[in-house]
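J.: next come a sequence and a model predicted from it.
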Amino acid sequence: MPSGSWNACTACKWIEIKKHNNRRLHFCFTFLVSVKLPNYAVMKLHGQNSIAGQLSALGHTHFQGINPQTGAPLEGDFAFATKNEIDHALTAAQEAFRTYRRTTPQQRADFLKSIGAQITALGATLIERAMAETGLPQARLEGERGRTVGQLNKFAETLLEGSWVQARIDTAQPDRQPVPKPDVRSMYMPLGPVAVFGASNFPLAFSVAGGDTASALAAGCPVIVKAHPSHPGTSELVVGAINAAAKETGIPAGVFSMVHGGAEESKYLVRHRELKAVGFTGSFRAGRTLFDLAAGRPEPIPVYAEMGSVNPVIILPDFLKTKGSELAPGLCGSITLGVGQFCTNPGLVLTAGKTGLPQFLEVLGKNIQETPPGTMLNSGIESAYLTGLDRLENTSGVTVVAKSQTGANPGQGAPAVLQVPAAAFLDDNSLQEEVFGPSSLVVTSQDADELYQVIGQLHGQLTATVYGTEKDFKNFPDLIDYLAQKAGRLLFGGFPTGVEVCDAMVHGGPYPATTDARSTSVGTAAIFRFVRPVAFQNFPETLLPEELKEDNPRRIWRMENGHWHLPE
């Protein structure tokens with residue numbers, strides 16, 4: 001036992017051991033408790049990493065959460081993880097994988113549902129801390145909490161339904177000539193420990209217990225979260241919920257860990273020999289760095305990085321002429337929603353034809369002028385937005401249509417809409433780089449040919465939205481096919497800034513929107529990122545997984561000898 005003085009914390013009853021080298025270790029005896037027991041409202045933030053259910057703070061680098069509205073530091077002194085702590089987390093994860101991958105669908109479903117219940121039990125404490133760390137309003141965060149809990153429950157339902165394992169059975173034909181056919185059965189099985197990088201703009205739904213974590217845990221993979229430094233206190237509270245759920249449902253503690261850190265800690269985590277996959281949501285630069293690191297490992301591993309998009313909204317000529325002005329207010333709302341800090345905000349608007357364009361720009365500009373600035377998530381995002389907007393304004397051919405008439409305070413982003421002719425857009429590839437914030441660039445094409453040229457030059461996108469009349473689609477018969485080559489989700493009308501969590505959703509797209517266009521980070525199909533197919537040939541019935549046994553005890557959809565069968 002370490003030497004030093006022992007002090008009991010009256011807030012959360014952890015014991016602090018003050019060692020001679022001034023390093024601190026906290027062992028929490030009441031942190032892993034049932035949903036009915038904890039009083040989260042009085043919990044003091046400990047600022048430590050959570051390593052397989054144990055609290056640890058061996059690193060010398062510390063930081064605090066910052067209130068983006070005031071610039072003031074918030075409660076909590078958070079410690080970066082050391083390499084030894086990351087090693088411990090991965091070793092514990094690999095050890096836990098031996099047990100966790102063999103848990104039943106019911107056990108994993110109970111774990112996911114318990115996490116959701118524990119997050120709900122955090123109540124106002126979680127929402128208030130998230131508000132302080134992000135500047136996001138209460139209603140937005142309460143909605144995001146609902147989405148977080150909802151997607152955990154949705155994956156629990158997917159586990160119990162069972163067909164996601166894609167069970168396929170080809171029975172033996174011993175009399176086949178000239179070579180007998182073996183009995184072959186296959187299904188998806190979990191990869192192993194997964195690293196999840198929390199996103200700045202969704203402190204709940206794309207963070208510690210967000211979609212990447214939910215889908216990996218559902219697949220049977222342990223998770224090591226690298227928390228986002230913009231909301232460390234929010235992350236810590238959610239970690240407590242996950243650890244409590246693990247204890248409540250009998251899940252091994254090594255199935256989940258969370259570490260704090262910067263670039264070096266992130267790189268060390270991705271290079272770790274025990275890691276089998278990465279889930280990431282964030283900037284192109286960071287996502288590409290992690291992708292390259294993973295590809296350069298002795299054992300390359302997949303990185304599912306969602307790196308942003310400008311999400312073009314295409315307004316065809318007849319619609320622009322007849323309904324363009326009616327569309328403009330809603331488009332302004334989508335551009336500025338969440339201060340433009342969604343990966344699906346429409347950063348690009350493509351028009352064709354001149355009739356109705358002045359009226360559309362006038363109404364859009366007026367709405368932009370009347371929209372006040374809003375607090376951005378952190379100073380880095382604010383600075384990048386201002387730099388990107390300045391770059392656009394000073395690019396040849398670009399003109400400012402309108403800016404918010406309300407002056408922006410420090411930490412805020414002011415809405416803006418700009419315009420550029422298609423010819424200038426086609427000559428400057430930098431004009432389709434994402435400017436993360438409440439602005440959009442309108443690209444005006446003279447005719448159909450020029451619009452098709454613009455679409456042909458677009459990078460890969462998360463979404464593409466089309467507004468057109470019946471007449472428009474007769475004049476643009478190939479448009480939808482063109483767009484399907486560019487984006488992961490196509491919208492007919494509406495706006496791309498709402499992403500439904502459902503079985504059919506695709507939140508992904510061709511590079512550089514993501515590093516793997518074959519996957520999604522939202523919806524139950526996200527589970528396929530963290531599994532691989534395994535075939536069992538000529539196995540006796542007693543050794544087969546339940547999903548592949550002859551009498552189908554799980555009662556799931558299976559492909560049997562080339563035909564899908566619903567269990568009786």
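T.: Great, that's in hand.
J.: same question for stretch 210-230, mean pLDDT?
T.: Mean pLDDT, stretch 210-230: 98.
J.: ok, Leu160 - contacts?
T.: For Leu160, the contacting residues are 105-106, 109, by CB atoms under 8 Å, 6 or more residues apart in numbering. Using the backbone N, CA and C atoms, a C-beta is placed for each residue, glycine as well.
J.: and Leu90, how close does it get to Ala286?
T.: 21 Å (CB to CB, to the nearest Å).
J.: and if you look at Asp447?
T.: Taking CB to CB, one finds Asp447 at 40 Å from Ala286.
J.: which residues of the stretch 351-500 of the chain fall in strands?
T.: With DSSP state E, counting those that start in this stretch applied, the stretch 351-500 of the chain shows strands at 374-375, 399-403, 412-413, 416-421, 439-445, 461-467, 487-492, listed in chain order.
J.: in TSV, list the ones you listed along with mean neighbour count, distance to Gly498 and mean pLDDT.
T.: Formatted as TSV, the entries for the strands of the stretch 351-500 of the chain read as follows, by neighbours: other CB atoms under 10 Å; distance: least, CB to CB, whole Å; pLDDT from 0 to 100:
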stretch	mean neighbour count	distance to Gly498	mean pLDDT
strand 374-375	22	18	97
strand 399-403	16	25	98
strand 412-413	23	21	97
strand 416-421	22	21	98
strand 439-445	25	17	98
strand 461-467	26	10	98
strand 487-492	19	10	98
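J.: what number of residues lie near the nearest residue to Asp478 once chain neighbours are set aside?
T.: The shortest distance from Asp478 to any non-neighbouring residue, by CB to CB, 6 or more residues apart in numbering, is to Tyr452 (7.8 Å). Neighbours of Tyr452 under the rule other CB atoms under 10 Å: 16.
J.: and the pLDDT for Tyr452?
T.: 97.
J.: I'd guessed it sits against Tyr482; true?
T.: Yes: contact between Tyr452 and Tyr482 holds when scored by CB atoms under 8 Å: they sit 6.8 Å apart.
J.: give me the nearest residue to Glu382, chain neighbours excluded.
T.: Take Glu382 and drop its neighbours on the chain: the residue closest to it by CB to CB, 6+ apart is Met376, 4.3 Å away.
J.: Ala117 versus Asp449, what's the distance?
T.: Note on Asp449: its distance to Ala117, by CB to CB, is 57 Å.
J.: looking at the two now, which is surrounded by more residues?
T.: Neighbour tally, Asp449 and Ala117, criterion other CB under 10 Å: the higher count belongs to Ala117, 19 against 10.
J.: surely that one meets Ile242?
T.: No: shown here, Ala117 and Ile242 do not form a contact pair, counting by CB under 8 Å, at 11.4 Å.
J.: give me the neighbour count for Arg271.
T.: Using other CB under 10 Å, Arg271 has 15 other residues around it.
J.: that one against Leu290, yeah?
T.: No: contact between Arg271 and Leu290 fails when scored by CB under 8 Å: they sit 10.0 Å apart.
J.: just after the longest helix seen in the chain, pick out the following helix or strand.
T.: Determined from DSSP state H, the single longest helix within the chain is helix 138-161. Counting by DSSP states H and E, the next helix or strand C-terminal to helix 138-161 is strand 168-170.
J.: tell me how far that following strand is from the chain's mean position?
T.: Strand 168-170 has its average C-alpha position 34 Å from the chain's average C-alpha position, going by CA atoms, centre = their mean, to the nearest Å.
J.: cool, stretch 190-203 as well?
T.: In terms of CA atoms, centre = their mean, the gap separating the centre of stretch 190-203 from the centre of its chain is 7 Å.
J.: now it: mean pLDDT?
T.: 97.
J.: output the below-cut-off pLDDT ranges for the stretch 201-350 of the chain.
T.: Counting by pLDDT under 70, the stretch 201-350 of the chain contains no low-confidence segment.
J.: where along it do the helices fall?
T.: In the stretch 201-350 of the chain, the segments counted as helices under DSSP state H, counting those that start in this stretch are 211-219, 232-249, 263-271, 284-295, 317-336.
J.: pick the most deeply packed of those.
T.: Burial of the helices of the stretch 201-350 of the chain is given as mean neighbour count (mean count of other CB atoms under 10 Å); helix 211-219 ranks first at a mean of 29.
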